[in-house]
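Q: Test case, fold it:
(one chain, ligands or ions: 1)
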Amino acid sequence: MYAKGIPVASSPYGLAANENPHSPLPAVQDLLATEAARVNRYPDRFATELIAALADRLSVPASHLAVGAGSVGVTQHLLHSLLVAAGPLQGRSPGGEIVYAWPSFEAYPHLTAMCGGRSVQVPLTDHRHDLEALTDAVTAETRAVIVCNPNNPTSTVVRRQELERFLDRLPAHTLVILDEAYREFVRDAEVPDGVELYRDRPQVVVLRTFSKAYGLAGLRVGYAVAHEPVAAAIRAAAVPFGVSSLAQSAAVASLDAEHQLMERVDTVVKERHRVREGLLAAGLEVPPSEANFLWLPLGRRTHGFAEACAAAGALVRAFPGEGARVTVGEPEANDIVLAVAAELARQN
Ligand code: PMP
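A: As a prediction, the model looks like this:
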């Protein structure tokens, strides 16, 4: 076992779900305690304060925003409106195809199937989106193309020029969903900000979340930015009262404290560099990451690596036979991964 000689953490570190290692800010925790006394009341169904705060922060009209229980919740509302009979965006027959790269976020096939759609999965090339192949996969049945940028699980990005060219070549009615769950961790200036792209491209929908950089995964709040009628369709497909009062308040408070939260994001980005360098030094292949996780395409060695990390006290996410996705966490947790990788290198 590679873990030999590596001290084991008393309770394992979670590096499997791309979570933020930092607890919510004390001010956000205090607010949640205060709000807890009022949970006998329903939340604001229209999330008015949160929508206003986002509109202000992003310089978009409030009518271009839709919130949900995590961005996965918003994705479900959007796919529902695209695929389900009589859905608000559905003038044609029910069903249809959702095109996206693969491997990518596992919710895409799940939600597409739940909404009666068909997934068209286009293999990544060198761990990156193949935009040519994605373009070729679009048919008259395509209701939307999802581009996950940065991509989960491979952490790679699509850059401005290639994305603009891709958008220019698609039929104008084909919706492009830019999933930017990890946007705040991007440091490559060539990666476009989806909210800038959406402004003069009505076919673009941007999905963002408070789960990652803002550290509120347990509260479940995310949002979409889109032109009408797409934003209206997402809102119409939403579960009434689907975003709790605690989630709404914490999200607003986190936007207020954004500066502090982004300093924490900077520390995660620094750790990302340190961990990637260490893994490369151990002889592993690690695609450059613009997210809060790293992708190790270990193939058959994936299981052993994940087991060794677990034995040493760090739970990473194994994709059997393909690779391991390792969240950048606390420095001590990251050190465990580095120690396992170094041991692996010694044995080979
Ligand atoms: N998109 C991507 C690419 C993700 O990796 C995740 C979370 N793992 C989400 C969306 C969903 O995040 P949430 O529902 O917590 O907002």
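Q: For Gly14, give the beta-bridge partners.
A: Beta bridges link Gly14 to Leu315 when assigned by DSSP bridges.
Q: What's the separation between it and Asp56?
A: Counting by Cβ to Cβ, to the nearest Å, the gap from Gly14 to Asp56 is 34 Å. Quick note: C-beta positions are derived from backbone N, CA and C, even for glycine.
Q: Likewise for His129?
A: Applying Cβ to Cβ, the value for His129 to Asp56 is 32 Å.
Q: excluding its backbone neighbours, what's nearest Arg57?
A: Leu255 (5.6 Å; Cβ to Cβ, 6 or more residues apart in numbering).
Q: Am I right that the one you found falls within a helix?
A: Yes. The assignment for Leu255 is a helix, going by DSSP: H, G, I helix; E, B strand; the rest coil.
Q: so how many other residues sit close to it?
A: A count of nearby residues for Leu255, using other Cβ atoms under 10 Å, gives 17.
Q: Can stretch 215-227 be said to contact the ligand?
A: Yes. Judged by Cβ under 6 Å from any ligand atom, stretch 215-227 comes into contact with the ligand at Ala217, Gly222.
Q: Which positions within that stretch qualify as buried?
A: Residues of stretch 215-227 classed as buried by neighbour count (16 or more other Cβ atoms under 10 Å): Gly215, Leu216, Ala217, Leu219, Arg220, Val221, Gly222, Tyr223, Ala224, Val225, Ala226, His227.
Q: So which of those is the closest to Pro331?
A: Nearest to Pro331 among the buried residues of stretch 215-227, counting by Cβ to Cβ, is Gly215 at 16.9 Å.
Q: which ones are touching the closest residue to that closest one other than its chain neighbours?
A: Using Cβ to Cβ, 6+ apart and skipping the chain neighbours, the partner closest in space to Gly215 is Asn20 (3.7 Å). Counting by Cβ atoms under 8 Å, 6 or more residues apart in numbering, Asn20 touches Lys212, Ala213, Tyr214, Gly215, Ala217, Arg264, Val268, Asn292.
Q: Try it again at 10 Å.
A: Shown in contact with Asn20 (Cβ atoms under 10 Å, 6 or more residues apart in numbering): 210-217, 261, 264-265, 268, 292, 327-329.
Q: ditto for Ser245
A: Glu35, Ala36, Arg38, Val39, Arg41, Tyr42, Pro43, Asp44, Ala47.
Q: run the last query once more with 6 Å
A: If you count contacts by Cβ atoms under 6 Å, 6 or more residues apart in numbering, Ser245 has them with Glu35, Pro43.
Q: again, but for Ala247
A: Shown in contact with Ala247 (Cβ under 6 Å, 6+ apart): Leu219, Arg220, Val221.
Q: In the helix or strand it falls within, which residues are buried?
A: According to DSSP states H and E, Ala247 maps onto helix 245-256. In terms of neighbour count (16+ other Cβ under 10 Å), helix 245-256 has its buried residues at Ser245, Leu246, Ala247, Gln248, Ser249, Ala250, Ala251, Val252, Ala253, Ser254, Leu255.
Q: same check, this time on stretch 236-247
A: Neighbour count says stretch 236-247 has Ala237, Ala238, Gly242, Val243, Ser244, Ser245, Leu246, Ala247 buried, by 16+ other Cβ under 10 Å.
Q: Distance to Ala62 and pLDDT for these - can I get that in a markdown table?
A: As requested, the buried residues of stretch 236-247 are exported to a markdown table (distance: Cβ to Cβ, whole Å; pLDDT from 0 to 100):
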| residue | distance to Ala62 | pLDDT |
| --- | --- | --- |
| Ala237 | 18 | 94 |
| Ala238 | 15 | 95 |
| Gly242 | 18 | 97 |
| Val243 | 15 | 98 |
| Ser244 | 20 | 98 |
| Ser245 | 19 | 97 |
| Leu246 | 22 | 97 |
| Ala247 | 18 | 98 |
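Q: Mind picking the two most distant members of those residues?
A: Greatest spacing in these, by Cβ to Cβ: Ala237 and Leu246 (23.1 Å).
Q: So for the helix or strand hosting Glu307, what gets flagged as buried?
A: According to DSSP H and E, Glu307 maps onto helix 302-312. Buried positions in helix 302-312, judged by neighbour count with 16+ other Cβ under 10 Å: Thr302, Gly304, Phe305, Ala306, Glu307, Ala308, Cys309, Ala310, Ala311, Ala312.
Q: Stretch 232-250 close to the ligand?
A: No. Using Cβ under 6 Å from any ligand atom, stretch 232-250 stays clear of the ligand, with a minimum separation of 10.6 Å.
Q: now do stretch 171-187
A: Yes. Stretch 171-187 lies within reach of the ligand by Cβ under 6 Å from any ligand atom, at Asp179, Ala181.
Q: Can you point out the buried residues in that stretch?
A: For stretch 171-187, the buried set under the neighbour-count rule, 16+ other Cβ under 10 Å, comprises 174-186.
Q: distance between it and the chain's centre?
A: Chain-centre distance of stretch 171-187: 10 Å, with Cα atoms, centre = their mean, to the nearest Å.
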